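1. Structure for this input, please:
(one chain, ligands or ions: 1)
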Amino acid sequence: MPHYRRFSDASVSEKMLDTMFLITIGLGYLFALTHTFYSHAGRDGEAGLSVKDVEIAYFGESHQTRLGAALNGPMSDNLEKPEQQAVILDWIDAGKSETTFNSEIAPILNNNCIMCHSVEAEMGLPPLTSYKEVLELTHTDTGASVQSLVKVSHIHLFGIAFILFFVGRIFILCEMAPIVKRITVVIPFVAILIDITSWYITKIIPGFSFVVVIAGGLMGLSLAMQILVSMYQMWIYKPRTDAHTLSEDRMHQ
Ligand code: HEC
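-> Numbering: from 1, shown residues only. Coordinates of the predicted model:
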């Protein structure tokens, strides 16, 4: 029977090297989680990180612009005539031409909005005094661009492959049922592939954002489990299933 290396075959210096590596990776992972929280939390207008936030990050907020949202919501009361709301929303939908802006939109804004929304008003609100300024508030949010996703994908795949490979190499020195070990080393790779694929799918199908969250969570869980179980077996756990150890035990009985 071939002898596979286990932690009991590893020198103390090898185990110290493994431990420092695992601690550093674990810490890095915690920072990655914090980063995810800071970059996505609250996108849906509610505190905390939710599946909806992830959806907005990748798919965007369809057809919702800052100006449109304000006119549908709190700013509608500032219009002297309710039909002016539709005039502005139609102008956004129709492609935001500068000619129409000057002839139809600017007069509405000048009469109803710029007393608060201008630099002179000193209210710290986005100004609505020129075509360019108004355009700033009418960008449709289409989520992360494919170009930026491609950039993050290749960095993630290269970087994470190394992390998972080395953490997995250490983890296979554990004593446990081979089937559990085989599944545990494969799961994080499958999870990261699904995670990254689902970023792109979420750009097309917004409801897919829950797969991004589940796959990301699965990768984190399996990574954490490999790190913790490896450190436990390295320093605390004493293997007792070895035939040699067993027969020695019997001799001492
Ligand atoms: C009496 C002052 C006042 C008037 C008049 C007013 N606004 Fe506002 N507006 C505010 C304040 C205060 C806020 C920020 C608080 C909020 O979002 O409710 C705001 C927020 C906004 C925002 C959101 C800005 C952001 O950061 O996303 C938009 C867009 C907007 N207003 C458009 C308009 C338009 C269009 C009109 C004219 C129909 C208008 N406002 C008239 C005071 C005003």
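2. got the residues of the stretch 1-150 of the chain near the ligand?
-> Counting by Cβ under 6 Å from any ligand atom, the residues of the stretch 1-150 of the chain close to the ligand are 66-67, 70-71, 74-75, 78-79, 112-113, 115-117, 125-126, 128, 137. The C-beta positions use only the backbone N, C-alpha and C, and glycine is treated the same way.
3. what number of residues lie near the residue nearest to residue 202 when sequence neighbours are not counted?
-> Nearest residue to residue 202 in three dimensions, chain neighbours excluded: residue 58, at 4.0 Å (Cβ to Cβ, 6 or more residues apart in numbering). Residue 58 has 22 neighbours, counted by other Cβ atoms under 10 Å.
4. list the buried ones in stretch 145-163?
-> 149, 153, 160, 163 (16 or more other Cβ atoms under 10 Å).
5. So for it, mean pLDDT?
-> Mean pLDDT, computed over stretch 145-163, is 92.
6. cool, and stretch 184-201?
-> On average, the pLDDT along stretch 184-201 is 93.
7. Run through the helices of the chain in chain order.
-> For the chain, the helices defined by DSSP state H occupy 12-40, 51-59, 66-72, 83-93, 98-100, 106-112, 131-136, 146-171, 178-204, 209-235, 243-252.
8. List the buried residues in stretch 50-67.
-> Buried, per 16+ other Cβ under 10 Å, within stretch 50-67: 50, 52-61, 65, 67.
9. just how off-centre is that stretch within its chain?
-> 14 Å (Cα atoms, centre = their mean, to the nearest Å).
10. which residues touch that stretch?
-> Here stretch 50-67 makes contact (Cβ atoms under 8 Å, 6 or more residues apart in numbering) with 39-44, 88, 92, 126, 134, 137-144, 149, 199, 202-207, 209-210, 212-213.
11. give me that answer again for 6 Å
-> 40, 43-44, 137-138, 140-144, 199, 202-203, 206, 209-210, 212-213 (Cβ atoms under 6 Å, 6 or more residues apart in numbering).
12. Residue 8 and the ligand: what is the separation?
-> 62 Å (Cβ to the nearest ligand atom, to the nearest Å).
13. Repeat that for residue 206.
-> For residue 206, the distance to the ligand - Cβ to the nearest ligand atom - is 22 Å.
14. Check residue 166 too.
-> Counting by Cβ to the nearest ligand atom, the gap from residue 166 to the ligand is 46 Å.
15. What is the neighbour count of the residue nearest to that residue when sequence neighbours are not counted?
-> Counting by Cβ to Cβ, 6+ apart, residue 166 lies nearest to residue 21, which is 6.7 Å off, once chain neighbours are set aside. Residues lying near residue 21 (other Cβ under 10 Å) number 16.
16. same thing with residue 15?
-> 18.
17. doesn't residue 234 make contact with it?
-> Yes: shown here, residue 15 and residue 234 form a contact pair, counting by Cβ atoms under 6 Å, at 4.9 Å.
18. which stretches of the stretch 101-250 of the chain have low pLDDT?
-> Within the stretch 101-250 of the chain, the segments meeting pLDDT under 70 span 240-250.
19. show me what contacts residue 119?
-> With Cβ under 6 Å, 6+ apart, residue 119 has these contacts: residue 127.
20. swap in the one 4 residues further on?
-> Taking Cβ under 6 Å, 6+ apart as the criterion, residue 123 is in contact with residue 116.
21. With residue 8 as the reference, measure out to it.
-> Taking Cβ to Cβ, to the nearest Å as the measure, residue 123 falls 71 Å from residue 8.
22. Repeat that for residue 129.
-> 75 Å.
23. Restrict stretch 150-166 to CA atoms and write it as PDB.
-> Included here for stretch 150-166 are C-alpha records, laid out as PDB according to Å, rounded to 0.1, in the frame of the first residue of the first chain:
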ATOM      1  CA  VAL A 150     -13.100  40.800 -17.700                       C
ATOM      2  CA  LYS A 151     -10.400  42.600 -15.800                       C
ATOM      3  CA  VAL A 152     -11.600  41.500 -12.400                       C
ATOM      4  CA  SER A 153     -12.200  37.900 -13.700                       C
ATOM      5  CA  HIS A 154      -8.700  37.300 -14.900                       C
ATOM      6  CA  ILE A 155      -7.100  38.800 -11.700                       C
ATOM      7  CA  HIS A 156      -9.500  36.700  -9.600                       C
ATOM      8  CA  LEU A 157      -8.900  33.400 -11.500                       C
ATOM      9  CA  PHE A 158      -5.100  33.700 -11.500                       C
ATOM     10  CA  GLY A 159      -4.900  34.800  -7.900                       C
ATOM     11  CA  ILE A 160      -7.500  32.500  -6.400                       C
ATOM     12  CA  ALA A 161      -6.200  29.400  -8.300                       C
ATOM     13  CA  PHE A 162      -2.900  29.800  -6.400                       C
ATOM     14  CA  ILE A 163      -4.600  30.300  -3.100                       C
ATOM     15  CA  LEU A 164      -6.900  27.300  -3.500                       C
ATOM     16  CA  PHE A 165      -4.100  25.100  -4.800                       C
ATOM     17  CA  PHE A 166      -1.700  25.800  -1.900                       C
END
